[in-house]
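**Student:** task: produce atomic coordinates for the following.
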Amino acid sequence: MERCKERRLVVCLLLFLTLREDLGFAFRQNKDTEFTFLLPPGATECFFQTATKSGSMEVEYQVIAGSGLDVGFTLISPQGYRLVSDFRKSDGIHTVDPTEEGDYRICFDNSFSHISEKMVYVEVIVDGPEEDDEDDEDWAALAEPEDLLEYKLEDIRDTMDAVHKNLERSRQLQTTLRAFEARDRYLLEDNLWRVSFWSSVSLLVMVSVALAQIYTLRRLFSDKHKVCT
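**Tutor:** Model (predicted):
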């Protein structure tokens, strides 16, 4: 009885270590990159993202600060073909599936604005090619001694994969919401400055008009000529 328990414990430990290594390798296939940069007025900035063959890539961008909140966007393939071209947009999400092996060029254009710089948030998600057939064979070989375990290894793997994908999706949504929040805060601050400025101008004009009216009325009722009796 004790020997059976020890054997079951060893099998569970080996399966757990194999599961951790396999899932760690699978999780590393997902490469996420996110950053925020300043795009000078009248300038164009390009970034390069390496992708593997038969994978997928998703590019998301948002203009979170700058006059007009718009920017030009271009996505060029490793072969030099223009895949996506946006002109003066505030945000966008573009997906390339399947990808080619090589460096994709991601460009942002602010040449139409000669005064205002733009703050742009960018997120790039690159997924490697799937190797389901080979992985399924490995997991099937590991799952042979089902009589020693009370659970199925495939169910554990699927559950952990689903949890990981949901966590990654939640993190991406939170990052996107933070970018939207930053853009809304910039708009509020910019609108507050404009409202305060024009309110001050209006108040100054009203005070000036009131003083002018008082001065005019006093001039009308003041009589400087002497009356002889």
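
**Student:** lowest-confidence helix or strand of the chain?
**Tutor:** Ranking every helix and strand in the chain by mean pLDDT, DSSP states H and E puts helix 2-28 at the bottom, with a mean of 44.

**Student:** quick one: mean pLDDT over whichever helix or strand comes after it.
**Tutor:** For helix 2-28, the following helix or strand on the C-terminal side (DSSP states H and E) is strand 30-39. Averaging pLDDT along strand 30-39 gives 81.

**Student:** swap in stretch 124-141?
**Tutor:** Mean pLDDT, stretch 124-141: 64.

**Student:** likewise stretch 172-191?
**Tutor:** 75.

**Student:** could you list the residues in contact with it?
**Tutor:** Stretch 172-191 is contacted from outside by 32, 34, 60, 62-65, 69, 90, 119, 121, 123, 125, using C-beta atoms under 8 Å, 6 or more residues apart in numbering. All C-beta atoms are positioned from the backbone trio N, CA, C, and that covers glycine.

**Student:** state the distance from the nearest residue to Glu123 once chain neighbours are set aside to Tyr121.
**Tutor:** In space, Glu123 comes closest to Glu34 once its chain neighbours are excluded; the distance is 4.2 Å by C-beta to C-beta, 6 or more residues apart in numbering. Glu34 sits at a distance of 7 Å from Tyr121 (criterion: C-beta to C-beta, to the nearest Å).

**Student:** these two: who's more crowded?
**Tutor:** In this view Glu34 and Tyr121 are compared by other C-beta atoms under 10 Å, and Tyr121 has more residues nearby, 22 against 15.

**Student:** would you agree that one is in contact with Leu38?
**Tutor:** No: under the criterion of C-beta atoms under 8 Å, Tyr121 makes no contact with Leu38, lying 11.2 Å away.

**Student:** what's the helix or strand for Ser113?
**Tutor:** Secondary structure (DSSP H and E) places Ser113 outside all helices and strands.

**Student:** that one: what's it in contact with?
**Tutor:** Taking C-beta under 8 Å, 6+ apart, one finds Pro41, Gly42, Gly66, Ser67, Gly68 in contact with Ser113.

**Student:** can you do 6 Å?
**Tutor:** Shown in contact with Ser113 (C-beta atoms under 6 Å, 6 or more residues apart in numbering): Pro41.

**Student:** if anything else comes up later, I'll come back, but that's it for now.
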